[in-house]
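> I would like to see how this sequence folds:
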Amino acid sequence: MMGPVTSTREPREGGPGRSPRSGTRARMTGKERREQLLDIGRQLFAEKGFEGTSVEEIAARAEVSKPVVYEHFGGKEGLYAVVVDREIRALLDAITESLSTAHHPRILLEHAALALLGYIENSTDGFRILVRDSPVAQSTGTFASLISDVASQVEHLLADEFRSRALNPETAPLYAQMLVGMVALTGQFWLDHRHANRAEVAAHLVNLAWNGLSGLERQPTLSDRGTSS
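This next block holds a predicted model:
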C-alpha cells in the first residue's frame, strides 16, 4: 500500500503547514518559506525585541529546524536586518508619497503626520521594531536616520516659506528636524495611548507646529478636508 502523498501546494485549511485531507506537512517553496520566516520574525521581534528572540523560537513557530533559518538568513541578525529594512522602506515610501502631493507647508505637515500615524495604525508590529534601539550593526539604518531622511525632504519647502516671511532660510534644516522629530515622538506616544483617532492627533500636532503655543487654536482641525481619518 502506498503511503500518504505530500502536497506541494500551500494548504487552504487544516492549520499551517498541513494538508486538509491527509494531515501531512505541505512542502513550501523557498520563497514561501522565506516569507513565512520573515512574518514570524517580525512578530517575535515586535513582541520581545532582538535580544529576547531566539533562532530556536523562530524555528519552532515555523515548525522547521534551526538550520532552515540559517540557510535563508545566516542567523537571527540577518533575519532582523531584512525585517528592519522592509519596515524602513515601507514607512519612508508612505511619507515620501504623502509629501509629493503637498505644496503648502501646513498641508505638507498634515500629510506627513497622517502618513506616519497611518503606518503606526496599520503596521504596529513594524513600528515597534523600528523605534527600538537596533543592536545589530547594519546598513539599513535606524529610526533616527529614517527621521533625518524625511526631514531632509522638507527642508527646501520650509526654506521657501522662510524666505517669503523674511526669515533666515539657513535655519530650515534645523526646523525640519524639529517638526519631523515632534511627529515621530508623538507617534510613539500614540502607539500605546489611543485616546484619539488619527485625524485628531494629526490636527493637534499641526496646531502646535503651525501656530505655536502663543497661537494655539481652540478647536484645531485639518485644513485638508479631503483627508479621511
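> so where's this structure uncertain?
Within the chain, the ranges that satisfy pLDDT under 70 run 1-26, 102, 133-142, 213, 216, 225-229.
> Could you list the domains of it?
Domain assignment of the chain by automatic domain parsing yields the ranges 30-77, 85-215.
> gap between the longest one and the chain center?
The offset between the C-alpha centroid of domain 85-215 and the centroid of the whole chain comes to 12 Å, using CA atoms, centre = their mean, to the nearest Å.
> quick one: the helices in this structure?
Assigned by DSSP state H, the helices in the chain fall at 30-48, 55-62, 66-73, 76-99, 105-122, 124-131, 143-164, 172-192, 198-206.
> Could I get those in TSV, plus columns for mean neighbour count and distance to E217?
Where you see a C-beta, it was placed from the backbone N, CA and C, and this is true even at glycine. Compiled in TSV, the helices of the chain are given as follows (neighbours: other CB atoms under 10 Å; distance: least, CB to CB, whole Å):
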stretch	mean neighbour count	distance to E217
helix 30-48	17	36
helix 55-62	16	48
helix 66-73	17	49
helix 76-99	19	22
helix 105-122	22	12
helix 124-131	20	28
helix 143-164	17	19
helix 172-192	17	17
helix 198-206	21	9
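> Distance to P220 added to those helices, as CSV?
Shown next, in CSV, are these (distance: least, CB to CB, whole Å):
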stretch, distance to P220
helix 30-48, 32
helix 55-62, 44
helix 66-73, 46
helix 76-99, 19
helix 105-122, 11
helix 124-131, 24
helix 143-164, 20
helix 172-192, 14
helix 198-206, 5
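> re the thing from before, I'd like the domains of the chain as JSON lines, with distance to S223 appended.
Formatted as JSON lines, those follow (distance: least, CB to CB, whole Å):
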{"stretch": "domain 30-77", "distance to S223": "34"}
{"stretch": "domain 85-215", "distance to S223": "6"}
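> Give me the contact list for stretch 90-97.
112, 115-116, 118-119, 123, 126-127, 130, 146, 149-150, 153 (CB atoms under 8 Å, 6 or more residues apart in numbering).
> can we see that at 7 Å?
Identification of contacts with stretch 90-97 by CB atoms under 7 Å, 6 or more residues apart in numbering yields 112, 115-116, 118-119, 123, 126, 146, 149-150, 153.
> Look up how far H195 lies from S152.
According to CB to CB, to the nearest Å, S152 stands 32 Å off from H195.
> V64: neighbouring residues, count only.
By other CB atoms under 10 Å, 20 other residues sit near V64.
> before we move on, the earlier item: which one of the helices of the chain lies closest to D224?
helix 105-122 (5.5 Å; CB to CB).
> Which strands or helices does the closest one pack on?
helix 76-99, helix 143-164, helix 172-192, helix 198-206 (3 or more CB pairs under 7 Å, 6 or more residues apart in numbering; DSSP states H and E).
> cutoff 8 Å now
Packing partners of helix 105-122 (3 or more CB pairs under 8 Å, 6 or more residues apart in numbering; DSSP states H and E): helix 76-99, helix 124-131, helix 143-164, helix 172-192, helix 198-206.
> I'd like the distance between the closest residue to P220 other than its chain neighbours and G187.
In this structure, P220 finds its nearest non-sequential neighbour in N207, 3.6 Å apart by CB to CB, 6 or more residues apart in numbering. Distance from N207 to G187, counting by CB to CB: 16 Å.
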